[in-house]
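> Fold the following, please.
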Amino acid sequence: MFGVVGHSLVIVLITSTPLRHFPSVGISICDLPVRHRHCIDSLKLHSLQLPDPNKNCREKETEKKMILTGIEDEDKWLAEGIASIQHNAFYMHRALEANNLRDALKCSALMLSELRTSKLSPHKYYDLYMRAFDELRKLEMFFKDESKHGVSIVDLYELVQHAGNILPRLYLLCTVGSVYIKSKEAPAKDVLKDLVEMCHSVQHPIRGLFLRSYLAQVSRDKLLDLGSEYEGAEDTVMDAVEFVLQNFTEMNKLWVRMQHQLRPSIGLSGLQGPVRVKEKLEKERSELCDLVGKNLHVLSQIEGVNLEIYRDTVLPRVLEQVVNCKDELAQYYLLDCIIQVFPDEYHLQTLETLLGACPQLQPTVDVKTVLSRLMARLSNYAASSADALPEFLQVEAFAKLSSAIGKVMFTLEEHSVSCKLACRLAKRLTSYKGVIETQVDMPIVGAVALYVSLLSFALHVHPEQLDYVDQVLGACVKKLSGKPKLEDIRAKKQIVALLSAPLEKYNDIVTALTLSNYPHVMDCLDDETNKVMAMVIIQSAMKNKTCISTADKVEVLFELIKGLIKDLDETAKDELDEEDFKEEQNSVARLIHMLYNDDSEEMLKIFQAVRKHIMAGGSQRLPFTVPPLIFSALRLVRKLQGQDGNVVGEEPATPKKIFQLLNETIEALSSVSSPELALRLYLQCAEAANDCDLEPVAYEFFTRAFILYEEEVADSKAQVTALHLIIGALQRMNVFGVENRDTLTHKATGHSAKLLKKPDQCRAVYACSHLFWVDDQDGIKDGERTLERMTPDAYSNFRVLLCLKRALRIANAAQQIASATRGCSGPVTLFVEILNKYLYFFEKGNPQITSAAIQGLIELITNEMRSDSTTPDPVSDAFLASTIRYIQFQKQKGGVMGEKFGPIKV
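Next comes the predicted model:
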């Protein structure tokens with residue numbers, strides 16, 4: 001067979017002399033037998049003949065029509081190829097059944113000729129190849145049985161070389177070569193070397209790839225490995241390694257060259273742009289990557305390939321091919337393949353060699369993914385074997401990875417500069433501008449992703465080395481310094497992942513607080529992402545129930561979550577989502593409760609540190625953050641109760657000092673449109689001062705509460721609620737002397753009578769009656785709690801009766817107003833409530849409350865309910881019925897209480 005490649009004339013001679021007897025390269029014409037030299041003259045005659053012009057026109061016309069049909073024609077060509085394979089396979093089977101070797105070889109060669117097509121895409125060519133592959137398996141079984149075809153394997157190996165076309169010839173040669181090796185009539189390494197060199201004859205990318213893939217498939221179980229049955233006296237594992245590496249090198253060259261190989265269905269001049277053509281070629285190439293990577297998998301499965309062979313031979317040869325091919329797809333895939341197929345311990349011991357290839361790759365190669373997968377494998381290796389950890393320290397894995405990433409960063413920076421220059425030059429080329437500008441931002445995303453992987457490696461392999469973690473964070477800060485805050489969503493997600501990794505590993509926010517570069521990384525985030533990260537930090541602390549116990553750590557923590565406790569950007573105030581804002585502030589409030597130290601002085605410092613931060617939160621945040629701070633301080637106050645005397649220390653924590661800070665804090669809250677909340681907090685502080693027996697402090701807090709009530713609380717419902725809170729808190733006070741208590745009690749009673757609605761006035765006034773009553777039963781007192789400080793009993797009892805009578809007058813006035821405005825009286829609920837107060841004080845022994853007074857009130861209520869002007873109310877009726885049943889129960893109980901309730905008739 002004769003063929004022309006490029007401008008050079010190449011002679012492929014069909015001869016009975018087996019090719020394995022020729023040298024692998026450099027066949028000279030003078031070396032040919034005399035009987036074959038006449039072929040030269042025939043070749044010259046054929047080369048001088050002019051082609052038929054009509055034939056060329058017909059071929060071009062036919063090709064043009066096929067181009068227009070595109071993919072549909074590929075299906076047609078595939079169907080025709082499969083049909084031809086099936087047709088010739090049928091006659092091949094008949095010849096095999098008849099033990100007719102000559103016809104079997106002829107039909108198989110015709111069948112394999114269908115693989116010479118260059119019109120099919122790799123995917124469709126694979127379908128065609130698999131059809132032929134299945135038939136070759138059957139042909140191989142026939143070749144194994146010499147009794148069927150009667151030809152020795154040596155002669156058969158020579159015979160198949162007479163096939164008319166090079167591609168069918170080599171497929172048959174590989175098939176027979178497999179049987180030849182099994183027969184052990186020739187050294188396996190000689191046969192394999194012969195086969196791999198003869199495959200050089202096929203240089204078409206797709207055809208060559210599948211041919212060499214077939215060679216790798218049939219020779220896989222015949223390689224010279226340790227303990228292999230084909231291993232001879234002089235054969236070594238290196239022969240098998242050399243065979244696989246040579247096949248891998250040639251396959252990779254064919255695969256890379258494939259990007260320049262156009263088929264009729266793509267690369268249509270004038271019909272498709274170059275970008276579209278390149279995309280199609282890259283997609284088709286990616287479909288064939290496994291054919292090339294299969295060689296590396298075979299290498300990894302050879303047991304004789306130890307660390308020494310891998311380090312000195314396999315890895316350098318493979319990396320040399322990876323670097324020299326200068327193809328983005330090939331470099332990325334092959335590096336990833338190396339990482340995935342070879343053992344982890346090999347990677348660890350050859351880390352420097354492997355990492356040294358990364359800066360030599362094309363700038364567009366996704367190195368970050370490759371390195372990330374390498375570090376992930378090494379991390380898993382360290383986690384699976386505790387014995388491997390000393391090896392990591394011995395080879396200084398972290399330092400080498402960190403150095404390699406630095407070199408990759410430098411390469412990315414150079415590529416970024418090139419892209420920027422290209423962007424400036426291409427401003428007028430709008431079709432390319434977007435692509436170039438996208439590439440400019442790639443280094444930041446890639447760099448942060450690499451740092452995330454390196455940090456994960458450090459956390460898994462060297463968790464005790466916090467300086468490694470801080471070193472990675474510092475490198476990230478250095479990379480991001482001098483640049484505007486990140487806006488790329490991918491980069492921001494990577495930063496969040498980087499900052500979250502230490503929290504997830506150590507399950508302790510305190511450990512993260514010791515990393516000096518942690519806050520600097522957060523400073524690189526925009527405000528929104530800063531809030532997201534702050535929420536992650538708080539959630540980690542709450543999930544692990546972490547207690548932050550020093551003021552210094554609190555300072556660092558609140559510096560980290562400053563995006564939640566104050567406005568970083570004044571322009572973003574109006575853009576806050578209400579639900580998200582509430583969730584964020586509630587999280588901060590929960591975090592404040594987790595700040596604690598048994599040492600009172602340190603706890604006071606913590607309180608002061610938190611107060612300094614949250615007071616800058618603004619009017620929207622203070623209502624959420626001040627209350628937990630107040631209650632945290634009150635917990636400390638109750639702990640210090642009774643310690644206001646001899647306290648030692650540089651900054652002693654005393655209740656008075658804490659109350660001063662609380663007063664200032666609540667005052668700030670009252671000035672930001674939250675008077676009701678401030679009033680409640682003043683009352684809580686007053687009760688704490690009462691427990692500490694600090695009368696002036698408690699009086700000051702009540703004074704502040706009354707001032708807020710008078711000046712800031714304007715809503716009528718809020719006034720009612722606030723007044724009842726004041727009355728309830730004042731009732732529980734036992735620290736006040738007569739003068740202070742009278743002042744506060746009369747103040748509360750006066751405000752009760754000034755409420756807007758009569759029912760509210762009535763309820764507030766009869767609630768004030770408890771402020772004048774003393775009840776020693778069970779140690780619980782109303783009003784002045786200490787006999788030495790209270791007014792005479794008769795006066796107190798009289799004041800109780802005055803409050804109840806005043807409440808009755810107000811209730812009666814409410815009924816009259818209802819009758820005047822609506823034409824009918826309202827419900828008698830107020831009267832029933834006052835009746836219950838009468839019963840309470842009557843049962844407690846107030847001499848001013850008599851059974852006659854109760855009897856008169858019951859009759860009043862009964863008459864009101866029978867009146868036609870009274871509005872029926874089931875609730876009031878049920879309330880009164882329950883009260884009557886209680887009176888009856890007390891009468892029936894007997895004893896002193898029964899005698900007391902006896903005169904009351906119901």
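> Send me the host helix or strand of residue 722 as PDB with only the CA atoms.
Per DSSP states H and E, residue 722 falls inside helix 716-731. Output of helix 716-731 as PDB, limited to C-alpha atoms (Å, rounded to 0.1, in the frame of the first residue of the first chain):
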ATOM      1  CA  SER A 716     -53.700  55.500  76.400                       C
ATOM      2  CA  LYS A 717     -53.200  51.700  76.200                       C
ATOM      3  CA  ALA A 718     -49.500  52.100  76.800                       C
ATOM      4  CA  GLN A 719     -50.200  54.300  79.800                       C
ATOM      5  CA  VAL A 720     -52.500  51.600  81.300                       C
ATOM      6  CA  THR A 721     -49.900  48.900  80.900                       C
ATOM      7  CA  ALA A 722     -47.100  51.100  82.200                       C
ATOM      8  CA  LEU A 723     -49.100  52.200  85.300                       C
ATOM      9  CA  HIS A 724     -50.000  48.600  86.200                       C
ATOM     10  CA  LEU A 725     -46.300  47.700  85.900                       C
ATOM     11  CA  ILE A 726     -45.400  50.600  88.200                       C
ATOM     12  CA  ILE A 727     -48.000  49.600  90.800                       C
ATOM     13  CA  GLY A 728     -47.000  45.900  90.700                       C
ATOM     14  CA  ALA A 729     -43.300  46.800  91.100                       C
ATOM     15  CA  LEU A 730     -44.000  49.300  93.900                       C
ATOM     16  CA  GLN A 731     -46.100  46.700  95.700                       C
END
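> so after it, what's the next helix or strand?
Counting by DSSP H and E, the element after helix 716-731 in chain order, helix or strand, is helix 738-752.
> That following helix packs against which elements?
Helix 738-752 sits against helix 695-711, helix 716-731, helix 758-768, with contacts defined as 3 or more Cβ pairs under 8 Å, 6 or more residues apart in numbering; DSSP states H and E. Quick note: C-beta positions are derived from backbone N, CA and C, even for glycine.
> now the angle between helix 738-752 and the shortest one, please.
Here the directions of helix 758-768 and helix 738-752 differ by 160 degrees (axes from the mean of the first three to the mean of the last three Cα atoms, to 10 degrees).
> Show me what helix 758-768 is in contact with.
With contact meaning Cβ atoms under 8 Å, 6 or more residues apart in numbering, helix 758-768 is reached by 716, 720, 723-724, 727, 745, 748-749, 751-755, 803-804, 806-807, 810-811, 813-814, 817, 830, 833-834, 837.
> Give me the average confidence score over the helix holding residue 722.
Average pLDDT, helix 716-731: 94.
> Next: stretch 859-873.
81.
> And stretch 467-478, by the same measure?
The model assigns stretch 467-478 a mean pLDDT of 93.
> do the same with stretch 208-224
Mean predicted confidence for stretch 208-224 is 92.
> what do you get for stretch 753-763?
What stretch 753-763 shows for mean pLDDT is 93.
> Please enumerate the strands of the chain.
Using DSSP state E, the strands of the chain run over 2-5, 8-11.
> before we move on, back to that, could you export the helices and strands packed on helix 738-752 as CSV, including mean neighbour count and distance to residue 322?
Shown next, in CSV, are the helices and strands packed on helix 738-752 (neighbours: other Cβ atoms under 10 Å; distance: least, Cβ to Cβ, whole Å):
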stretch, mean neighbour count, distance to residue 322
helix 695-711, 19, 76
helix 716-731, 18, 76
helix 758-768, 23, 86
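> Mind checking those helices for the one nearest to residue 254?
Closest to residue 254 of the helices and strands packed on helix 738-752 is helix 716-731 (Cβ to Cβ; 84.1 Å).
> ranges for the helices of the stretch 551-700 of the chain?
551-560, 562-565, 578-592, 600-614, 622-639, 655-670, 675-691, 695-711 (DSSP state H, counting those that start in this stretch).
> by contact count, what packs against the third one?
Spelled out, that is helix 578-592. Helix 578-592 is packed against helix 527-543, helix 562-565, helix 600-614, helix 622-639, with contacts defined by 3+ Cβ pairs under 8 Å, 6+ apart.
> looking at those helices, which is buried most?
Highest mean neighbour count among these (mean count of other Cβ atoms under 10 Å): helix 562-565, with a mean of 22.
> Residue 546 reaches residue 512, doesn't it?
No - at 10.0 Å, residue 546 does not count as touching residue 512 under the criterion of Cβ atoms under 8 Å.
> Of these two, which one has the most company?
Neighbour count, other Cβ atoms under 10 Å: between residue 546 and residue 512, residue 512 has more, with 26 against 20.
> How many residues are close by the closest residue to the more buried one other than its chain neighbours?
Closest residue in space to residue 512, ignoring its immediate chain neighbours: residue 502 at 4.9 Å, by Cβ to Cβ, 6 or more residues apart in numbering. When neighbours are counted by other Cβ under 10 Å, residue 502 registers 26.
> and what of the one 5 residues further on?
Counted with other Cβ under 10 Å, the neighbours of residue 507 add up to 12.
> what do you get for residue 94?
Residue 94 has 13 neighbouring residues, counting by other Cβ under 10 Å.
> now swap in the one 3 residues further on and tell me
A count of neighbours around residue 97, defined by other Cβ under 10 Å, yields 11.
> confidence score at residue 423?
Looking at residue 423, its pLDDT is 53.
> Residue 72 now?
At residue 72, pLDDT is 71.
> Residue 600 now?
90.
> Touching, it and residue 653? I think so.
Yes - Residue 600 is in contact with residue 653 according to Cβ under 8 Å; the separation is 4.1 Å.
> Next, format the helices of the stretch 551-700 of the chain as CSV and append distance to residue 390.
Compiled in CSV, the helices of the stretch 551-700 of the chain are given as follows (distance: least, Cβ to Cβ, whole Å):
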stretch, distance to residue 390
helix 551-560, 34
helix 562-565, 42
helix 578-592, 41
helix 600-614, 41
helix 622-639, 47
helix 655-670, 54
helix 675-691, 58
helix 695-711, 64
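> Ok, which of those helices comes nearest residue 445?
Nearest to residue 445, of all the helices of the stretch 551-700 of the chain, is helix 562-565, at 22.3 Å by Cβ to Cβ.
> related to what we said a few turns ago, of the helices of the stretch 551-700 of the chain, which approaches residue 138 most closely?
Nearest to residue 138, of all these, is helix 578-592, at 68.8 Å by Cβ to Cβ.
> Quick check: mean pLDDT of that closest one?
Helix 578-592 comes out at a mean pLDDT of 92.
> Between helix 527-543 and it, find me the angle.
Between helix 578-592 and helix 527-543, the angle comes out at 40 degrees (the same axes, to 10 degrees).
> export helix 578-592 as CSV, just CAs?
Extracted in CSV, the C-alpha atoms of helix 578-592 (Å, rounded to 0.1, in the frame of the first residue of the first chain):
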residue,chain,number,x,y,z
GLU,A,578,-37.5,43.8,58.6
GLU,A,579,-37.7,40.0,59.2
ASP,A,580,-34.0,39.5,58.5
PHE,A,581,-33.1,42.5,60.7
LYS,A,582,-35.1,41.1,63.6
GLU,A,583,-33.5,37.7,63.2
GLU,A,584,-30.0,39.2,63.2
GLN,A,585,-30.6,41.3,66.3
ASN,A,586,-32.2,38.5,68.2
SER,A,587,-29.1,36.4,67.5
VAL,A,588,-26.9,39.2,68.9
ALA,A,589,-29.2,39.3,72.0
ARG,A,590,-28.8,35.5,72.5
LEU,A,591,-25.0,35.9,72.1
ILE,A,592,-24.9,38.5,74.9
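> Understood, closing this out.
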